[in-house]
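Peer 1: Prediction below, plus the sequence it came from.
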Amino acid sequence: EAGVVQSPRYKIIEKKQPVAFWCNPISGHNTLYWYRQNLGQGPELLIRYENEEAVDDSQLPKDRFSAERLKGVDSTLKIQPAELGDSAVYLCASSLDSGASMVFGPGTRLTVL
Amino acid sequence: AQSVAQPEDQVNVAEGNPLTVKCTYSVSGNPYLFWYVQYPNRGLQFLLKYITGDNLVKGSYGFEAEFNKSQTSFHLKKPSALVSDSALYFCAVRDLGRNTDKLIFGTGTRLQVFP
């Protein structure tokens, strides 16, 4: 079975530029998570979707970050404008339902110059 | 609040020797504990989990972990380390509630296995 797919795998941008990350979860997985992993740290949840509804976005910096999951399948995470401190690995994960086993994608490594 | 701590930034072990990567937890209620491994430029891979039952949990690649309630620990172990086990290991607790579902990770421990 195909795993969680993320693109791009790497992105280098200058500060103040916009950037977007895409995630395709495992087929049939209703719950989708976006995590951010700063260098030398463990991942931290940014947002969780149940189908197309964002049910937990309490940790998402809403002034510059936005996300969507149209039709309850693929998801896009956007940063506009990017800041130096946004350099991190952005991980997408999915699970069959809330509480079920979580499968992570390979991540997108963002470097903001 | 749920949390896990990994007291060691790095663990070094010779190939063939047993390894232990330490994790302690702080939770309210029953702990749902996990170990993940991260290889360079790859995502997190699930190793094992403890939800309930036997305190010794067996997982992927020959790893196991021992749940110790009295010491609030969930140490990862392997009887004989391989060079290919060298990676970054994360302990995590699942914060699962009425409106919450997320993994809370430790800061990670880098395991280096020397030939």
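Peer 2: Ah, there it is. Numbers count the residues shown, from 1 in each chain, chains lettered A, B, ... in the order given.
Peer 1: going forward, measure contacts between C-alpha atoms and count neighbours the same way
Peer 2: OK.
Peer 1: Distance-wise, check B:Asn41 relative to B:Leu88.
Peer 2: The gap separating B:Asn41 from B:Leu88 is 11 Å, by CA to CA, to the nearest Å.
Peer 1: Those two: which is more packed in?
Peer 2: Neighbour count, other CA atoms under 10 Å in any protein chain shown: between B:Asn41 and B:Leu88, B:Leu88 has more, with 20 against 13.
Peer 1: what sits against that one?
Peer 2: B:37-39, B:108-111 (CA atoms under 8 Å, 6 or more residues apart in numbering or on different chains).
Peer 1: restrict those residues to contacts with chain A.
Peer 2: Among those, proximity to chain A is found for B:Gly108 (CA under 8 Å from any CA of the partner chain).
Peer 1: buried subset of the contacts of B:Leu88?
Peer 2: B:37-38, B:108-111 (16 or more other CA atoms under 10 Å in any protein chain shown).
Peer 1: Just the ones of those residues in helices?
Peer 2: Per DSSP state H, helices hold no members of these.
Peer 1: Most proximal residue of chain B with respect to chain A?
Peer 2: Per CA to the nearest CA, B:Gly43 is where chain B lies closest to chain A, at 3.8 Å.
Peer 1: my guess is that residue meets A:Pro106, correct?
Peer 2: Yes: here B:Gly43 reaches A:Pro106: they are 3.8 Å apart, a contact under CA atoms under 8 Å.
Peer 1: what do the two both touch?
Peer 2: If you check B:Gly43 and A:Pro106 against CA under 8 Å, 6+ apart, the residues they both contact are A:Leu91.
Peer 1: Do you have the strands of chain A handy? List them.
Peer 2: A:5-7, A:10-13, A:19-24, A:31-37, A:44-50, A:53-56, A:65-68, A:75-79, A:88-95, A:103-104, A:108-112 (DSSP state E).
Peer 1: Compute the first-to-last residue distance for stretch B:31-51.
Peer 2: End residues of stretch B:31-51 are separated by 7 Å (CA to CA).
Peer 1: So what touches that stretch?
Peer 2: By CA under 8 Å, 6+ apart, stretch B:31-51 touches A:91, A:103-107, B:30, B:57-61, B:63-65, B:67, B:74, B:76, B:87-95.
Peer 1: Narrow the residues you listed to those in helices?
Peer 2: Per DSSP H, the subset of the contacts of stretch B:31-51 in helices is empty.
Peer 1: Buried residues of the strand ranked longest in chain B, list them for me.
Peer 2: The longest strand of chain B (DSSP E) is strand B:87-96. Neighbour-count burial for strand B:87-96, with 16+ other CA under 10 Å as criterion, is recorded at B:87-95.
Peer 1: what ranges of chain B fall below the confidence cut-off?
Peer 2: Residue ranges of chain B with pLDDT under 70: none are present.
Peer 1: Tell me the residues on it that lie near chain A, please.
Peer 2: So far as CA under 8 Å from any CA goes, chain B lies against chain A at B:41-46, B:90, B:96, B:99-108.
Peer 1: Report the buried residues of stretch B:17-25.
Peer 2: B:19-25.
Peer 1: Off-centre distance for it?
Peer 2: 8 Å (CA atoms, centre = their mean, to the nearest Å).
Peer 1: Between its first and last residues, what's the separation in that stretch?
Peer 2: First-to-last residue span, stretch B:17-25, CA to CA: 26 Å.
Peer 1: And the contacts of that stretch?
Peer 2: With CA under 8 Å, 6+ apart, stretch B:17-25 has contacts from B:2-8, B:11, B:13, B:71-81, B:91, B:93, B:109, B:111.
Peer 1: Tell me the secondary structure of B:Ser84, please.
Peer 2: Look at B:Ser84: counting by DSSP: H, G, I helix; E, B strand; the rest coil, its state is helix.
Peer 1: Please consider this matter closed, and thank you.
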